[in-house]
Structure formats: C-alpha cells, structure tokens
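K.L.:
Structure, please.
(one chain, ligands or ions: 2)
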Amino acid sequence: MKAPVRVTVTGPAGQIGYATLFRIASGAMFGPDQPVFLTLLERANPTSAAALKGVMMELSDCAFPLLAGMRAVQDPVEAFRDCEVALLIGARPRGPGMERADLLEANAAIFRQQGQALNVAASRNVKVLVVGNPCNTNAWIAMKNAPDLDPKCFSAMLRLDQNRAMSQFAEKTGAPVASIEHMAVWGNHSPAMVPDITFATVEGKAAPSLVDDEWVKNDFMPTVAKRGSAIIAARGASSAASAGSAAIDHIHDWFCGSEGRWVTMGVPSDGSYGVPEGMVFGFPCIVKEDGSYEIVKGLELTEDTKARIAKNVAELQGEQQAVAAFIPN
Ligand SMILES: NC(=O)C1=CN([C@@H]2O[C@H](COP(=O)(O)OP(=O)(O)OC[C@H]3O[C@@H](n4cnc5c(N)ncnc54)[C@H](O)[C@@H]3O)[C@@H](O)[C@H]2O)C=CC1
Ligand SMILES: O=C([O-])CC(=O)C(=O)O
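P.N.:
Ligands and ions are numbered 1, 2, ... in the order given. Predicted structure coming up:
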C-alpha cells in the first residue's frame, strides 16, 4: 500500500468543493491504488463549519477505500502543514453581470494569506492549483507571497477552458473528444483567452483543415471564452461540476504525467512567446512521469494568436497593478 498523498482543499463546503471531494476520495485524481488524506480549510464561521461537517459526514458515509483520513482545520498554516497538493478553491464566485476581474479585490487578501501559509508550512514540492477567480492573478499573488517555494509549485486552472475547447471541436466535427490532441488555450482565464486549434489534430488530421476559419473566429473562440457567463446565465450560479472535473484532470496529469499529451496549465512564464517572466499564463505544457512540466516551446504562432497573446499580457499587467498592495516588496 502506498503512503497517502496529503491534499489540502480550501472552500470544501462550496459548490466546487462538493463536486470535487468525492472524486478525489474515490481515486479519480491520483489513481486507483493511491490513498489520500484530506485536510479541509473553510471560513471560520458557524454556517460554513456546519456545512463542512455535513460534507465530511457524507464523505465518511461513502466508505471510500482510498480515503485514509480527513480533518477540518481553520488555521491556514496548520491546514497546509506538509501538504503535497493544495487546491485553492475557496473564494467568492461572480454572479450575473460581473466579470472575473471584478472579484480581484474581494479575493486578493485570501490568496496573500494562503501564499504566506504555504510558504511556511507546505512540502517544498507542493503542487498548488488555484481555482478561485480571477485565478491567474490569484495564483500570482499566492506565488509572490511564497518566496521560499519554487514558483513552479504554483498553477492556475485553465484546464476547464481546454476541456470546453475540445468538446466544442468534437461536437462540430463529430469526432470523439479522445481523438483530439494538441488543443491549446493561451493566456488569462477571462474572455480575452485564446483557444487555439492551429496545432490540434483529430485522428491524426490537422484540425484547421476540418473547419472553416469563420467558424473558428466567430463561433468556436467566443463560445469557449464566454462559456462561464453562459453557464451563469443558464444555471444562476457559476460552473461547479465541470470546474471540479477540470481540477481533477489538471492535478491528475500534473501528478501522474501527461504521457506526451499537451495539457493547458496556467503557469509562471519562463519568457516563452513574449510573455513576461513570472506572469501566470495559460500555456500548453507536457508533464513528465516525475511530475515536472515544461511549456511546449518553439511553436510557430499565427499573427492573430500573437496579437491576442499580447492583449492577454496587457490585461494581466492591469490586474497585477490593481493588486500591487498585496505583493511584498
Ligand atoms: N478557474 C476556473 O475555471 C473556475 C473558477 N471558479 C471559481 O471558483 C471559486 C469557488 O466557486 P464555488 O465553489 O462555486 O463558490 P461557492 O461560493 O459555492 O464556494 C466557495 C467556498 O469557499 C469558502 N471560502 C471563502 N473564503 C475562504 C477562505 N478564505 N478560506 C477557505 N474557504 C473559503 C466559502 O465559505 C465557500 O464554502 C470562485 O472564485 C469561482 O469564480 C469557478 C468555476 C471555474
Ligand atoms: O465564469 C465564472 O465566473 C466561473 C468560471 O471561471 C468559469 O465557468 O469559467
């Protein structure tokens, strides 16, 4: 029997928490022979504590063979003590009429505090996934407040955008999702993001040869980029099950390796493609078996993609300026 992976989840009593925890405990995140120990960090108020208690009762009632144990902790330093994987989900979601950037001020303080706590207490190889929006900038805030951790420990979730892009493309072409490879989404998890089929293949055929350019620009790209708003309009609440599923995919591939597949992760730039070093940006990545990843290099981007990437850089620079007060000197 392997030693349990120590996983800390914030916001466990929320919508995404509820959609994610049971799948982590069932083995979907780390594989069918890997036990997990869950540490759950909720807000310290009676309503959240009561809701979390109910979630833990249900987790217990599932009798998951891989759930080696769980605990609720209210102090962030204790919650992140020795954790190997941290899912930072807990944050305010947006409602109708808001953009994700509107959440900057509401959520920045959370990610400063959690970055500081990770810096002190987490495993030096921790894998942090920031889901709470605006996730690129929140991941950057946490990373900047954790100077003793390798910046590569931090990531933001753009996997939902990749999954949406694959699904839209599969629907259009009639091909199974599993036959699509090398789909990329560049940039910020915002309407400016760049879903990019240039390098994608479907059953080995070049994706751009299967659809017309007008559909890509006027239908595919905006549908993927604005899908979050469409879900809010339809459900009255932001995506939860699909967000949880993308979090499972992101950590699964980061932990187990992506077997040569491209996976979109929001990671600190190494300067590739003109993105300033350290900016947390969606890139296609390949994860090795040992859990280390590399941004896919040397791609010939179209002029349109380059211009859109520059727009995302400018947008993220604006977000960074807006949260400058949360970054240590
Ligand atoms: N990156 C992505 O693709 C996506 C990101 N999101 C974002 O995920 C976040 C969570 O969404 P939901 O689960 O739907 O929201 P929710 O409101 O249902 O749950 C949030 C939970 O976080 C808790 N929380 C708040 N502050 C906390 C803190 N400092 N420490 C610990 N827990 C805290 C709340 O008590 C609540 O239980 C939102 O910011 C949302 O915008 C949502 C969908 C996709
Ligand atoms: O749109 C939102 O606020 C939630 C989210 O990030 C998404 O569904 O992509």
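K.L.:
for stretch 291-303, what is the average pLDDT?
P.N.:
If you average the pLDDT over stretch 291-303, you get 98.
K.L.:
How about that stretch, which residues are buried there?
P.N.:
Tyr293, Ile295, Val296, Leu299, Leu301 (16 or more other C-beta atoms under 10 Å). (Each C-beta comes from the backbone N, C-alpha and C, glycine too.)
K.L.:
who are the neighbours in contact with the residue of the stretch 201-329 of the chain found nearest ligand 1?
P.N.:
Among the residues of the stretch 201-329 of the chain, Ala243 lies closest to ligand 1, at 3.6 Å counting by C-beta to the nearest ligand atom. Residues in contact with Ala243 (C-beta atoms under 8 Å, 6 or more residues apart in numbering) are Ile16, Ala19, Val131, Met157, Leu160.
K.L.:
and the two most separated of those?
P.N.:
Across the contacts of Ala243, no pair lies farther apart than Ala19 and Met157, at 13.4 Å, counting by C-beta to C-beta.
K.L.:
Thr39 contacts Val73, correct?
P.N.:
Yes: counting by C-beta atoms under 8 Å, Thr39 does reach Val73; the two are 5.6 Å apart.
K.L.:
what's near enough to touch whatever residue of the stretch 201-329 of the chain ends up closest to ligand 2?
P.N.:
Residue nearest to ligand 2 within the stretch 201-329 of the chain: Gly228 (2.2 Å; C-beta to the nearest ligand atom). By C-beta under 8 Å, 6+ apart, Gly228 lies in contact with Arg100, Ser238, Ser239.
K.L.:
Quick check: residues of the protein near ligand 2?
P.N.:
Residues of the chain lying near ligand 2 by C-beta under 6 Å from any ligand atom: Pro93, Arg94, Arg100, Asn133, Leu160, His189, Gly228, Ile231, Ser238, Ser239.
K.L.:
now those as CSV including distance to Leu210?
P.N.:
Listed next are the residues of the chain next to ligand 2 as CSV, based on distance: C-beta to C-beta, whole Å:
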residue, distance to Leu210
Pro93, 35
Arg94, 34
Arg100, 31
Asn133, 33
Leu160, 24
His189, 27
Gly228, 26
Ile231, 27
Ser238, 32
Ser239, 27
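K.L.:
Mind splitting the protein into its structural domains?
P.N.:
5-156, 158-321 (the TED database).
K.L.:
Compile these into a markdown table and extend it with columns for distance to Asn329.
P.N.:
Output for the domains of the chain, formatted as a markdown table (distance: least, C-beta to C-beta, whole Å):
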| stretch | distance to Asn329 |
| --- | --- |
| domain 5-156 | 10 |
| domain 158-321 | 14 |
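K.L.:
How confident was the prediction at Gln168?
P.N.:
98.
K.L.:
near ligand 1, which residues of this protein?
P.N.:
For the chain, the residues in contact with ligand 1 (C-beta under 6 Å from any ligand atom) are 10-11, 13-17, 41-43, 48, 89-94, 110, 131-133, 135, 157, 160, 189, 238-240, 243.
K.L.:
Perfect, that will be all.
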